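3D model of this:
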Amino acid sequence: LRAVVYGPAGNTSLTTRFVRGIAVDADGNIWYATPAGAFRFQAHMWRTDIQGQGEGDLINHVNDLLVDRQGRLWVATGGGGIRVKAKPSAEEVVYTPEDGVPSRVLTLAEAADGAIWAGTFTGVFRYATGRWEQALTSDLLPSLVVTVLLSDGPYMWIGTDLGLIRYDTRDGSVEPLLEFAQQSVEALMLDGRSRLWVGTQHSGVWQRRTDGQWVKHAHNPEDEASIPGNWIIGSGLAPDWRADGHIWAIVYNAGLVYWDGQAWSPADLEGQVASSLIWTLEVEADAGMLWVGSEAGVSLFDGRTWGSLTPEDGLNSPVVYAIEPAEEGAYWIGGPAGLSYYRPDRRPPWVRIGSFTGDFEMRADGAIEVPVGEALQLSIAAGDLQTDRDKLELLYRRSGPGDDGGWQEVTANAIETTFEEAGQYRFEIVARDLSFNYSEPAVQTVNAFVPPPKVNVPGLGLVDPNTFRALIVLGLISTLGAGYITIELLNHRRRSI
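This next block holds a predicted model:
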């Protein structure tokens, strides 16, 4: 038996020693019921995987990751060969030069027949039938430095620092691509129409059309719509799941850029990516998520908002070279300092509307009445069991006369707005946590009305018509009261005479 102590004497996540009950939910979270409230322990969310002699061991320098169709993780290292994990917590198998594969591996791919391919500084290697072998002889490759691999049906695209070839796994034939002779191929990608995109070090991005012809995207200083540079970095191409033929690219000295089918433009104008020095892109089309590995962590974009995961959140290596989706919604994230296993939390945050500030009235049904032109402030409260409050993203949208209904960021935990037109407005507010779970929306209806014109009263200035009418009534009452008292006084004097 092993005793684990939580609370003041051990893990300070618990603020009391007194635990009245413990339960484990469907996600594997451990819940503690205490007099101070409920606490959740979620150790499985992040797991650090360090092998060998520690972080400095080259077996922990991760260049690329691959999860094959059997669910096994293959890890290309910068000096420790290739590591293989059947499960996150399973013992590893490590392949080294003694097993027929070089110790420094740059890239990995799985062929249609299930064979694992590895690109290295000394050629391309293949693992099939339980052993490693050299896949192609040196005379068939433009260069022995294999920078990127991409499986495309029965073909394997092989990029090197001196060109690109297409290898047919059925008959072993090789087709050199003359357009890329003496060019360093940095990235390969297939879009939604299975068209090949090629990122190079000095000649920009190339797109292979379905008829086999090539379209080149190169920087033109006189064309603002051209790609802002010709050097594509690392695994720097990714398709946009929202629109066929639209892609993201990493351009040296320009960061993340976007092609919308017509023009290139910056994709991170507000600096949402963790670092401007970006190394890799990964897209999950089914989940609708772009992952960006950088020098300061990994950033995510779901088509609506950006978020980042850093060592402060549990990431092992601040520099991220590779991201690979795993089973059950988990992810492997690797870099020069090691490997992390990340299983996002699946429970959404909560959000509610707090107080209101301004010239308003609340109706019995909860709707707010506000005069046109008057300011209204809505304070927002939100929280999450896993994500700190300062890392929650708050969004709102306002729909009503003249509104486009687009989502906007909530700043300073409040929404400040005015209404220029009369009508009914609807506010929806949501919170998003670091795992990109969205809360149910908090909803508020606001009715903006045109107030009646004000009356200029000498000595008082502009007053509301209702107030003016009340003043007239009060004045009449005062006049009548004064007259009545005067008459009574006169009558009293007559009776006295």
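
all the helices of the stretch 101-250 of the chain, in order from the start?
For the stretch 101-250 of the chain, helices defined by DSSP state H, counting those that start in this stretch do not occur.

low-confidence stretches in it?
Applying pLDDT under 70 to the stretch 101-250 of the chain picks out no residues at all.

ok, what's across the strand from the residue nearest the centre of the chain?
The geometric centre of the chain, computed from its C-alpha atoms, lies nearest to residue 300 (C-alpha atoms, centre = their mean), at 2.6 Å. Beta-bridge pairing for residue 300 (DSSP bridges): residue 291, residue 307.

contacting residues around residue 123?
Each residue near residue 123 by C-beta atoms under 8 Å, 6 or more residues apart in numbering is listed here: 134-136, 138, 141, 144, 146. Where C-beta positions appear, they are placed from N, C-alpha and C, glycine not excepted.

what about residue 202, neighbour count?
Per other C-beta atoms under 10 Å, the neighbour tally for residue 202 reads 12.

actually residue 436, sorry about that
A count of nearby residues for residue 436, using other C-beta under 10 Å, gives 19.

now do the one 5 residues further on
Here the number of neighbours of residue 441 (other C-beta under 10 Å) works out to 15.

follow-up on the earlier one: check the contacts of residue 123 and tell me the two furthest apart.
The largest separation in the contacts of residue 123, counting by C-beta to C-beta, is between 135 and 144 at 12.2 Å.

and those two? which has more neighbours close in?
The neighbour count for residue 135 versus residue 144, taken as other C-beta under 10 Å, is higher for residue 135 (25 against 15).

which residue sits closest to that one, ignoring its sequence neighbours?
Closest residue to residue 135 apart from its sequence neighbours, by C-beta to C-beta, 6 or more residues apart in numbering: residue 126 at 3.9 Å.

any idea what the one you found is bridged to?
Judged by DSSP bridges, the bridge partners of residue 126 are residue 117, residue 133.

who touches stretch 428-443?
Identification of contacts with stretch 428-443 by C-beta under 8 Å, 6+ apart yields 289, 300, 302, 305, 307, 309, 313, 344-353, 378, 380, 382-384, 386-387, 391-397, 399, 410, 415, 426-427, 444.

in strands, which of those fall?
Applying DSSP state E to the contacts of stretch 428-443, the entries found in strands are 289, 300, 307, 309, 350-353, 378, 380, 382-383, 393-397, 399, 415, 426-427, 444.

narrow those residues to just the buried residues.
Applying 16 or more other C-beta atoms under 10 Å to the ones in strands among the contacts of stretch 428-443, the neighbour count classes 289, 300, 307, 309, 351, 353, 378, 380, 382, 393-397, 415, 427, 444 as buried.

any idea how far the closest residue to residue 234 other than its chain neighbours is from residue 93?
In space, and not counting its chain neighbours, residue 234 is closest to residue 279: 4.6 Å by C-beta to C-beta, 6+ apart. Distance, residue 279 to residue 93, using C-beta to C-beta, to the nearest Å: 27 Å.

those two: who's more crowded?
Applying other C-beta under 10 Å to residue 279 and residue 93 shows that residue 279 carries more neighbours, namely 21 against 13.

what's the helix or strand harbouring the more buried one packed up against?
Assigned by DSSP states H and E, residue 279 belongs to strand 278-284. With contacts taken as 3 or more C-beta pairs under 8 Å, 6 or more residues apart in numbering; DSSP states H and E, strand 278-284 sits against strand 232-239, strand 247-251, strand 289-294, strand 322-325.

just checking, residue 449 touches residue 369?
Yes: when contacts are counted by C-beta atoms under 8 Å, residue 449 is listed as touching residue 369 (6.5 Å).

circling back to that earlier point, any of the contacts of residue 123 buried? List them.
Burial by neighbour count, 16+ other C-beta under 10 Å: within these this picks out 135-136, 141, 146.

just put those residues in JSON lines and tack on distance to residue 82.
Formatted as JSON lines, those follow (distance: C-beta to C-beta, whole Å):
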{"residue": "135", "distance to residue 82": "14"}
{"residue": "136", "distance to residue 82": "18"}
{"residue": "141", "distance to residue 82": "19"}
{"residue": "146", "distance to residue 82": "14"}
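
can you report how many residues neighbour residue 494?
7.

help me confirm that it is found in a helix?
Yes: assessed by DSSP: H, G, I helix; E, B strand; the rest coil, residue 494 belongs to a helix.

ok, residue 450 - contacts?
Applying C-beta under 8 Å, 6+ apart to residue 450 gives the contacts 371-372, 422.

same check on residue 328?
Each residue near residue 328 by C-beta under 8 Å, 6+ apart is listed here: residue 343.

Three-state assignment for it, please.
Here residue 328 is recorded as helix under three-state DSSP.

quick one, strands of the stretch 151-300 of the chain?
155-160, 163-168, 174-177, 185-190, 196-200, 205-208, 214-217, 232-239, 247-251, 255-259, 264-266, 278-284, 289-294, 297-301 (DSSP state E, counting those that start in this stretch).

next, format those strands as a markdown table and append distance to residue 474.
Shown next, in a markdown table, are these (distance: least, C-beta to C-beta, whole Å):
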| stretch | distance to residue 474 |
| --- | --- |
| strand 155-160 | 88 |
| strand 163-168 | 90 |
| strand 174-177 | 92 |
| strand 185-190 | 78 |
| strand 196-200 | 79 |
| strand 205-208 | 78 |
| strand 214-217 | 77 |
| strand 232-239 | 73 |
| strand 247-251 | 70 |
| strand 255-259 | 67 |
| strand 264-266 | 64 |
| strand 278-284 | 70 |
| strand 289-294 | 66 |
| strand 297-301 | 63 |
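
where's residue 491, which helix or strand?
Element membership of residue 491 [criterion: DSSP H and E] is helix 465-496.

that helix - what's its average pLDDT?
Computed over helix 465-496, the mean pLDDT rounds to 72.

so what does that helix touch, helix or strand wise?
Using 3+ C-beta pairs under 8 Å, 6+ apart, the elements in contact with helix 465-496 are strand 455-457.

next one: stretch 306-322 to chain centre, how far?
In terms of C-alpha atoms, centre = their mean, to the nearest Å, the centre of stretch 306-322 is set 12 Å apart from its chain centre.

ok, back up a step: among the contacts of residue 450, which one lies nearest to residue 296?
Set against residue 296, the nearest of these by C-beta to C-beta is residue 372 (46.4 Å).

how deep is residue 183 tucked in, by neighbour count?
Residues near residue 183, counting by other C-beta under 10 Å: 21.

what's the closest non-adjacent residue to it?
By the measure of C-beta to C-beta, 6+ apart, the closest residue to residue 183 outside its immediate chain neighbours is residue 200, 5.0 Å from it.

and the one you found, how close does it get to residue 121?
Residue 200 is 19 Å from residue 121, by C-beta to C-beta.

more neighbours: these two, which one.
Legend: neighbour count by other C-beta under 10 Å for residue 200 and residue 121, higher for residue 200 (22 against 15).

which residues touch the more buried one?
The contact partners of residue 200, taken as C-beta under 8 Å, 6+ apart, are 180, 183-186, 206, 230-232.

give me the phi and psi for residue 50.
The phi and psi torsions at residue 50 (degrees, to the nearest 10) take the values phi -120, psi 130.

thinking again about what came up before, residue 67 is nearest to which of the helices and strands packed on strand 278-284?
The closest of those to residue 67 is strand 322-325. By C-beta to C-beta, the value is 5.2 Å.

in the closest one, what counts as buried?
Neighbour counts over strand 322-325 (16+ other C-beta under 10 Å) mark 322-325 as buried.

I'd like the next helix or strand past that strand.
Later in the chain than strand 322-325, the nearest helix or strand by DSSP H and E is strand 331-335.

angle of that following strand against strand 297-301?
Relative orientation of strand 331-335 versus strand 297-301 (axes from the mean of the first three to the mean of the last three C-alpha atoms, to 10 degrees): 140 degrees.
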